[in-house]
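J.: prediction below, plus the sequence it came from.
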Amino acid sequence: MAAWLVVLTIGLPWLGALIMLLMREDQARLRSLIAVSCSAASSIAALGLIPFATSSAVIHLTVGGVFGDVTFVPDGLGVVLAAIATVIGTLTIVFSVDYMRGEAQLNRYYFFVLFFIGGMCGLVLTNSLLLLFFFWEMVALCSYALISFYNDDPNAVAGGIKALVITQLGGVGVLVGVLTAASSLGSTRIDYLLAKAGNLPSLTLSIIAFGFLIGAAAKSAQIPFHTWLPGAMEAPTPVSALIHAATMVNAGVYLLARFYPAFATVPGWTATVTIVGLASMLAAGCMALVANDFKRILAYSTISQLGLMFYAVGIGAVFASQFHLLSHALFKALLFLAAGAVIHSVNTRDIQQMGGLGKQMPFVRNVFVIGAAALVGVPIFNGFWSKELILEASAAHQSWWLLGGCLIGVGLTALYGVRMTWLVFYGRPRSELHAHEAKPAMRAALLPLSVGVLTAWLLVGVIGQLFASTLPHHQLGEALSLEPMMREVLSAPITVFALATVALGVAAWWARKRLTVLIDLLRVPAFVAAHDFGFEWLNRQVVNLTQRLTSVLRKTQTGQLNWNVAGIVIGLVIVLGILLLGGIT
């Protein structure tokens, strides 16, 4: 049964994608019905897989050669991520029915969305290192294609190329790690690497660990690879909600959590993960605070929250990182889709032109406030509980400067969260925008997400039991259940500090007119944050250097076939000569 559910979870979206290629563009109603049906059926299969979660392979194919054994293991970590990808994928497709109505080339749009959902499920359910890399690159391809969906928009094309180049740099790190592990262990199985990592030479394990870290940082848009994610906001907003908030960007966090037992003892690895996460959390929080593009604020917020998850993995709080991954997927998808409803209505992303939209869009305002409250960490909402588990683990880690940095990040989140919500939905209108309430399909997607944000934290016991029983190498110990979690969070001193930091961030926004002296002092840091702390400038220098090098190398290409053939022959002679001399000696 479990094997069939794995096949259906991965295969049904791909079946829908194949159908999209065969359909005519004018079959709008049928296209929407098939896309929603295939993704919904996949989500039912993924949810049905949860009771069958196991640490054993349910699909085992002996391919031989470099591929070895191809296995799929639906353990707790994999089934939770598959459920997130399929459920939120289904809701974003439902949202797209109204949001994308009337757009050209929608067969291509739905093809890549469905292809992505299947690829993401394959990434988290496979037990093969080579297949993991295959799916890793597959979701990157879908991301690129959907960022550049509006291919007549130069910004969208540039954003897609930038995302592809930067994430492919990380892909090289993953490939190096995969090939090193496979050649050293003689197996491509992930569980074999987790079990035998201690037998590998220190240098070999370090190459694998830091190769995977580079790939994870690039995929999850962590410093210094973070600059691609704001540019990815040129994609249609449902794509931003699914790929660039709830699923693909989480793949980096998943990768670190999956291989944490193997890499935790590598010198400097956990410290690097922690520092990268904390730096990304703080820098992105500052950038969100000074941005005015609605979607870019949410993109910076995503970088910041992913930084918090990196931080959690670095300090050893693997369960807390994945619990916050679930919380973040729900509330950030809600925020992105609600923002999409606003943008679809008023045709601008500049929050300085908005204001008072809550009166014209009460439903969207209410669900956005729910998502923002979870992002900020208001009690009851899911983000509060998962964030507090990370802060408690940080306090137990006894690195007070790290905890202090984390609390500053919490305060920044409260400040930019309140600023964003107020400038869009409250106060007086700052321009003549004619807004209308979200359309039925949009509301049908937003409502379940808001319910999930309010209630998902109640699943902590189920998820804890799944992880404890199906992740033997992670040694999570006794499963964390609901009542002990509530007692632990509500009685912990760090919770008081966190709530005080949130209150301070909210108060700073309300008292902003009285803090003009402080704001003036911070103009220079704000300018630096608005310009991405110089990372965008650094990207341009790398591009310029590459272009200059290619212009020099271009001179070697004369366009004359005879010279090209001569070059190939001379190169072949040199290689054969080296091989011959090597054989003689």
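T.: Great, that's in hand.

J.: going forward, measure contacts between C-alpha atoms and count neighbours the same way
T.: OK.

J.: against Ala414, how distant is the residue nearest the centre of the chain?
T.: Centroid-nearest residue in the chain, with CA atoms, centre = their mean: Val249, separated by 1.5 Å. Plainly put, Val249 is 22 Å away from Ala414 if you go by CA to CA, to the nearest Å.

J.: same thing with His436?
T.: For His436, the distance to Ala414 - CA to CA - is 28 Å.

J.: quick one, which of these two is more surrounded?
T.: Between His436 and Ala414, counted using other CA atoms under 10 Å, the more crowded position is Ala414 (29 against 17).

J.: contacting residues for that one?
T.: 375-377, 502-503, 505-506 (CA atoms under 8 Å, 6 or more residues apart in numbering).

J.: mind telling me what element it is part of?
T.: Assigned by DSSP states H and E, Ala414 belongs to helix 400-425.

J.: what residues sit buried inside that helix?
T.: 402-403, 406-425 (16 or more other CA atoms under 10 Å).

J.: would you state the strands of this protein in chain order?
T.: Remark: strands assigned in the chain by DSSP state E are 59-64, 68-72.

J.: show me the shaky parts of the stretch 1-150 of the chain.
T.: Applying pLDDT under 70 to the stretch 1-150 of the chain flags the ranges 64-67.

J.: hang on, Asn382 packs against Val451?
T.: No. Asn382 is beyond contact range of Val451, at 10.3 Å (criterion: CA atoms under 8 Å).

J.: between the two, tell me which one has more neighbours.
T.: Neighbour totals were compared for Asn382 and Val451, and Asn382 leads with 28 against 14 (other CA under 10 Å).

J.: can you check the pLDDT for the nearest residue to the more buried one once chain neighbours are set aside?
T.: Distances taken as CA to CA, 6 or more residues apart in numbering place Trp457 nearest to Asn382, at 5.0 Å, with adjacent residues excluded. Looking at Trp457, its pLDDT is 91.

J.: contacting residues for Trp457?
T.: Neighbour list for Trp457: 327, 381-382, 385-386 [criterion: CA under 8 Å, 6+ apart].

J.: any idea which of these is closest to Leu175?
T.: Checking those against Leu175 with CA to CA, the nearest one is Ser327 at 29.8 Å.

J.: residues near the closest one, how many?
T.: By other CA under 10 Å, the residues close to Ser327 number 27.

J.: let's have the chain start at 47 instead
T.: Yep, numbering from 47; the last one is Ser373 now.

J.: quick check: the gap between it and Leu354.
T.: Taken as CA to CA, the span from Ser373 to Leu354 is 12 Å.

J.: check Ile269 too.
T.: Distance of Ile269 to Leu354, given as CA to CA: 13 Å.

J.: those two - which one has more neighbours?
T.: Leu354 (30 against 21).

J.: distance of the more buried one from Leu210?
T.: 24 Å.

J.: swap in Phe258?
T.: For Phe258, the distance to Leu210 equals 17 Å [CA to CA].

J.: okay, these two: which has more neighbours?
T.: Relative neighbour count places Phe258 above the other of Phe258 and Leu210, with 26 against 23, counting by other CA under 10 Å.

J.: list the contacts of the nearest residue to the more buried one once chain neighbours are set aside.
T.: Spatial nearest neighbour of Phe258, excluding adjacent residues (CA to CA, 6+ apart): Val220 at 4.9 Å. Listed by CA under 8 Å, 6+ apart, the contact partners of Val220 are 179, 254, 257-258, 260-261.

J.: filter those residues to the buried ones?
T.: 179, 254, 257-258, 260-261.

J.: can you flag which of those residues belong to helices?
T.: In helices, judged by DSSP state H, the following of those are found: 179, 254, 257-258, 260-261.

J.: which of the residues you listed sits closest to Gly507?
T.: Phe258 (29.9 Å).

J.: give me the pLDDT for that closest one.
T.: With respect to pLDDT, Phe258 scores 95.

J.: still on that earlier bit, now list the buried members of the contacts of Ala460.
T.: With neighbours counted by 16+ other CA under 10 Å, the contacts of Ala460 contain buried members at 421-423, 548-549, 551-552.

J.: any chance of the residues you listed in a markdown table, with pLDDT too?
T.: Output for the buried ones among the contacts of Ala460, formatted as a markdown table (pLDDT from 0 to 100):
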| residue | pLDDT |
| --- | --- |
| Leu421 | 95 |
| Val422 | 94 |
| Gly423 | 91 |
| Val548 | 90 |
| Ala549 | 89 |
| Gly551 | 86 |
| Val552 | 85 |
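
J.: out of these, which sit inside helices?
T.: Per DSSP H, those map to helices at 421-422, 548-549, 551-552.

J.: and the residue nearest to Gly223 when sequence neighbours are not counted, what does it touch?
T.: Nearest residue to Gly223, sequence neighbours excluded (CA to CA, 6+ apart): Ile254, at 4.0 Å. Residues near Ile254 by CA under 8 Å, 6+ apart: 220, 222-224, 226-227.

J.: and Ile254, how far is that from Leu175?
T.: Distance of Ile254 to Leu175, computed by CA to CA: 12 Å.

J.: intersection of neighbour lists for these two?
T.: Joint contacts of Ile254 and Leu175 (CA under 8 Å, 6+ apart) are Val224.

J.: related to what we said a few turns ago, which among the contacts of Trp503 gets closest to Leu591?
T.: Ser373 (41.3 Å).

J.: please report how far the closest one lies from Phe430.
T.: Taken as CA to CA, the span from Ser373 to Phe430 is 9 Å.

J.: do Val499 as well
T.: Val499 is 10 Å from Phe430, where distance means CA to CA.

J.: likewise for Thr316?
T.: For Thr316 relative to Phe430 (CA to CA), the value is 25 Å.

J.: and the spatially closest residue to Arg70 that is not a sequence neighbour, what does it touch?
T.: Nearest residue to Arg70, sequence neighbours excluded (CA to CA, 6+ apart): Asn153, at 7.9 Å. Neighbouring residues of Asn153 by CA under 8 Å, 6+ apart: 66-67, 69-71, 77.

J.: tell me which two of those residues sit farthest apart.
T.: Leu67 and Arg77 (10.5 Å).

J.: compare those two and say which is more crowded by neighbours.
T.: Neighbour tally, Leu67 and Arg77, criterion other CA under 10 Å: the higher count belongs to Arg77, 21 against 13.

J.: ok, the more buried one - contacts?
T.: 66, 69, 153.

J.: distance to Trp583 added to those, as a markdown table?
T.: Output for the contacts of Arg77, formatted as a markdown table (distance: CA to CA, whole Å):
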| residue | distance to Trp583 |
| --- | --- |
| Met66 | 40 |
| Met69 | 44 |
| Asn153 | 37 |
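
J.: residue ranges of the helices in the stretch 47-196 of the chain, please?
T.: Applying DSSP state H, counting those that start in this stretch to the stretch 47-196 of the chain gives helices spanning 48-68, 74-95, 122-145, 152-171, 175-193.

J.: and Glu438, which of the ones you listed is closest to it?
T.: The closest of the helices of the stretch 47-196 of the chain to Glu438 is helix 122-145. By CA to CA, the value is 21.7 Å.

J.: care to break the protein down by domain?
T.: Domains of the chain are assigned by automatic domain parsing as 48-576, 584-630.

J.: in a markdown table: the helices of the stretch 47-196 of the chain, plus distance to Leu584.
T.: Below are those laid out as a markdown table (distance: least, CA to CA, whole Å):
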| stretch | distance to Leu584 |
| --- | --- |
| helix 48-68 | 38 |
| helix 74-95 | 40 |
| helix 122-145 | 34 |
| helix 152-171 | 31 |
| helix 175-193 | 22 |
